[in-house]
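A.B. asks: Sequence plus the predicted model coming up.
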There are 2 protein chains.
Amino acid sequence: MTATSQAVQDIEALARRSREASWALQMCTTEQKNDALESIKKILSERKEDIIAANKLDLENAKAAVEAGNLSSTLFKRLDLNGSDGAKYDTLLTGLDDVVTLEDPVGKCTLATRLDDGLDLFRVSCPVGVICIIFEARPECCIQISSLCLKSSNAVILKGGKEAYHSNQVLVNAVREGIKRVPGVPEDLVQLVSSREEVSALLEMDKYIDLVIPRGSNSLVKHVQNNTRIPVLGHADGICSVYLDESADLQKAISVVVDGKSSYPAACNATETLLVHENVADSLLPKVGEALAAAGVSMLACEKSLPLLSHTGKATAATEQAFYTEHLDLVIAVKIVSSFQDAVKHINEHGSHHTDGIVTESKERANLFMRLVDSAGVYHNASTRFADGFRYGFGAEIGVSTNRTHARGPVGLEGLMIYKYKMYGQGQASVEYGKEKNFMHSRIGETEYQSYQ
Amino acid sequence: MTATSQAVQDIEALARRSREASWALQMCTTEQKNDALESIKKILSERKEDIIAANKLDLENAKAAVEAGNLSSTLFKRLDLNGSDGAKYDTLLTGLDDVVTLEDPVGKCTLATRLDDGLDLFRVSCPVGVICIIFEARPECCIQISSLCLKSSNAVILKGGKEAYHSNQVLVNAVREGIKRVPGVPEDLVQLVSSREEVSALLEMDKYIDLVIPRGSNSLVKHVQNNTRIPVLGHADGICSVYLDESADLQKAISVVVDGKSSYPAACNATETLLVHENVADSLLPKVGEALAAAGVSMLACEKSLPLLSHTGKATAATEQAFYTEHLDLVIAVKIVSSFQDAVKHINEHGSHHTDGIVTESKERANLFMRLVDSAGVYHNASTRFADGFRYGFGAEIGVSTNRTHARGPVGLEGLMIYKYKMYGQGQASVEYGKEKNFMHSRIGETEYQSYQ
């Protein structure tokens, strides 16, 4: 047997353990799951010193990489489990309390139909099953993701950024140890892999893995999408646009565009393209451009808009490619469009269907835009930067999806859930219906489900 | 340019037209969509003679194939648009009225959150976009699927069974003509392809197609799943089991098992495996076996169960493979298990996660089974044959899914829907929150959405 086929067998065994853990998890009560969360918190607290020591090791290696110019200082900062004020680790522990207080999403009845007297059908929420999450070098994600998966009765296979190797190992060990202390909760509900080769093997395991969530660079997401039959939840690009309509208010336009572009340019919900209706370009664009320039933003301007922005000293001519680009920097592409329809068409054809906004005083135009623009988020007079699970009030964010199936936009705990149909009968045969009897198909109260428990 | 690359370009152009049609559809009102449905009905009624003539052509070709032993008589029967009593075509037209009366699934608000005064977020249902449906040689599917996609504002690319070639052509022409007569509704919302090569090219078009629904043979579904990045909704196998628990009632067991196996053995929801707890095997199995034998069912029995079934004259020894097989015939595999846990484990490991049932008088056991068995449908004292969109009361069935994301089990119109987030603001910037202000995140009435329309 070659080393490679042995590695594949090992990964298959690991994936099978995840599936078995996901089945065992279906036995766990809400109390058991909450006990496991408390237990994880206790161990993380007891082992703080060891964990911070392992994290230091990663930080030292990363420091060398930063000095050699191979790692950004932002990434370095994210790697630090203690944070500059030493409070990050404690916040992480408090986060576990928040997950304890989250409502258990399993077992909710969402549809109840009486097919006949004594034959009732219920649609009941249940976990997706086994999730594989690939995430950036942000070690606290090990804890956040594990706790959300535990709460929702999903098993999870984690692959963290390689820069956080030592931190991830000790954190996942602590999580598994915490789970183990609660009888009946399977520790294999959380497993960790470290190498790209292991991820490649996992992407083949559609028998054991139900959903892959790649978080991180566009190239990572595209690679995963192109190399697996497993459903992928994520977004490759975040090319968000804001369109200033004929009746746009100048102050609102400035607020929305400047925040959208400059508040965190590297985020996927940052505004990358500014479209302006030609009838208001003269009146709006010079001032919006000044505000952008004041925020340090460079503008890649179309032929028509360049003269209206050149006074800012921050505008240069745009290529067509600028409108297909996620700049991820203090750079915005600017284009004048000749109609509302052209703006919609531009967004649907150039954007990434993530989040797009309109600035207008016309309610009618706003609603038409929100209907016609084919994106996960469509905003009226609000910054695209609001597109975020925490800002939406989901409590937790698993990722952002530009898929058009399962879950779209910022995805909270709901994205880890699906449902099953439960039917309660008294020995009925299907052949009784259609000829002798007809189905009632009456909607009944979802509380009827409780009477069967 | 080679012929092949020209063909791929043609298919790409076709897929692009579907995407554009799906965008144009977002402008259509419920009235326009219903008008188009009425218009389709009118044309189908006017052209009945031509359509039946085209169908006759398919039937003649099929007849030759049946005589040569290359086509089953069941398939031949399905191909006939007029049916044995001449009423099938008229039922098809009445079906369009039913779709008119279905509630428009677009634009329903399912979540409403106030982020702040003057900053409201709504989750609103919208179509998935472009659907590709590959279906068996059942020409009426052209009409049923087209009408459901139209009602839900999805564009659809149809690929019907080759035996129905002429029927599909005239039916889709009629549908497109009907749509064309209603201004503003894009006829390209329904397009038809005929060859396997075109399907292969379509499976590459993840830029334009959002969901593929293959209906038909296991090999077709598996082929599609293995050859596309587009999400696939469907089920390859339907290996459904019924487990007779320690407290099973004999009459209920007979009713559920005989109906599950014999009422339509070729269906995906037919029962393929019978499991029996060893404590009740002696008392139940001989009589259940007699009932199965009386219904013409052959039994593939495990070593322990064979002696209890041999008196029926229909039992032979099962191989291990029998428990991984979708028999699709009057054949059932029978196994005695030594515990409830073994039954659950057998189903989770051998089944296809479609629909599985327990026969028991214990409420506790029933609920435990329904919790632990990882299938789209879990039934207590009811035949697995109830797993069907019409029987569930969905009005229409798009397919049956054994996926664990997006839609599971029998899928009605809901499976063609997703949602988008609509945010209504007054020029807010994200940086205002967290420091100066906090989010309210208060749940508001879903009717608030109407105030913005």
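C.D. replies: Thanks, I have the structure now.

A.B. asks: From the centre of chain A outward, give me the first residue you hit.
C.D. replies: For chain A, the residue nearest the mean C-alpha position is residue A:399 (0.7 Å; Cα atoms, centre = their mean).

A.B. asks: For residue A:413, see how far away that one is.
C.D. replies: The gap separating residue A:399 from residue A:413 is 12 Å, by Cβ to Cβ, to the nearest Å. Yep, even glycine has a C-beta here, placed from its N, CA and C like the rest.

A.B. asks: repeat for residue A:376
C.D. replies: 17 Å.

A.B. asks: Residue A:198 now?
C.D. replies: Distance from residue A:198 to residue A:413, by Cβ to Cβ: 27 Å.

A.B. asks: who's more crowded, these two?
C.D. replies: residue A:413 (22 against 18; other Cβ atoms under 10 Å in any protein chain shown).

A.B. asks: pretty sure that one contacts residue A:389?
C.D. replies: No. Using Cβ atoms under 8 Å, residue A:413 is not in contact with residue A:389, being 9.5 Å away.

A.B. asks: what residues are shared contacts of those two?
C.D. replies: Contact criterion Cβ atoms under 8 Å, 6 or more residues apart in numbering or on different chains; residues shared by residue A:413 and residue A:389: A:395-396, A:398.

A.B. asks: and of these, the nearest to chain B?
C.D. replies: Nearest to chain B among the shared contacts of residue A:413 and residue A:389, counting by Cβ to the nearest Cβ, is residue A:395 at 9.0 Å.

A.B. asks: What residues does that closest one make contact with?
C.D. replies: Contacts of residue A:395 by Cβ under 8 Å, 6+ apart are A:98, A:102, A:389, A:412-413.

A.B. asks: quick one, strands of the stretch 101-250 of chain A?
C.D. replies: A:109-116, A:119-127, A:130-134, A:155-159, A:190-193, A:211-214, A:240-244 (DSSP state E, counting those that start in this stretch).

A.B. asks: tell me which residues in the fourth one are buried?
C.D. replies: Looking back up the chat, that one is strand A:155-159. A:155-159 (16 or more other Cβ atoms under 10 Å in any protein chain shown).

A.B. asks: distance between the helix or strand of chain A with the lowest mean pLDDT and the chain's centre?
C.D. replies: Every helix and strand in chain A was compared by mean pLDDT, DSSP states H and E; the lowest is helix A:73-79, with a mean of 86. Mean-position distance between helix A:73-79 and its chain equals 20 Å (Cα atoms, centre = their mean, to the nearest Å).

A.B. asks: Against which helices or strands is that helix packed?
C.D. replies: Helix A:73-79 sits against helix A:48-67, with contacts defined as 3 or more Cβ pairs under 8 Å, 6 or more residues apart in numbering or on different chains; DSSP states H and E.

A.B. asks: For the closest residue to residue A:111 other than its chain neighbours, give me its contacts.
C.D. replies: Leaving aside its chain neighbours, residue A:111 sits nearest to residue A:123 (3.8 Å; criterion: Cβ to Cβ, 6 or more residues apart in numbering or on different chains). Contact analysis of residue A:123 by Cβ under 8 Å, 6+ apart lists A:109-112, A:419-422.

A.B. asks: can you list the domains in chain A?
C.D. replies: Using automatic domain parsing, the domain parsing of chain A gives A:3-226, A:240-386.

A.B. asks: Out of the contacts of residue A:123, the closest to residue A:205 would be?
C.D. replies: Ranked by distance to residue A:205 (Cβ to Cβ), these are led by residue A:420 at 22.2 Å.

A.B. asks: any idea of the mean pLDDT for the strand ranked longest in chain A?
C.D. replies: Taking DSSP state E as the criterion, chain A has its longest strand at strand A:417-428. For strand A:417-428, the mean pLDDT works out to 98.

A.B. asks: in that strand, what's buried?
C.D. replies: A:417-425, A:427-428.

A.B. asks: how much does that strand deviate in direction from strand A:119-127?
C.D. replies: 160 degrees (axes from the mean of the first three to the mean of the last three Cα atoms, to 10 degrees).

A.B. asks: Fine by me, thanks again.
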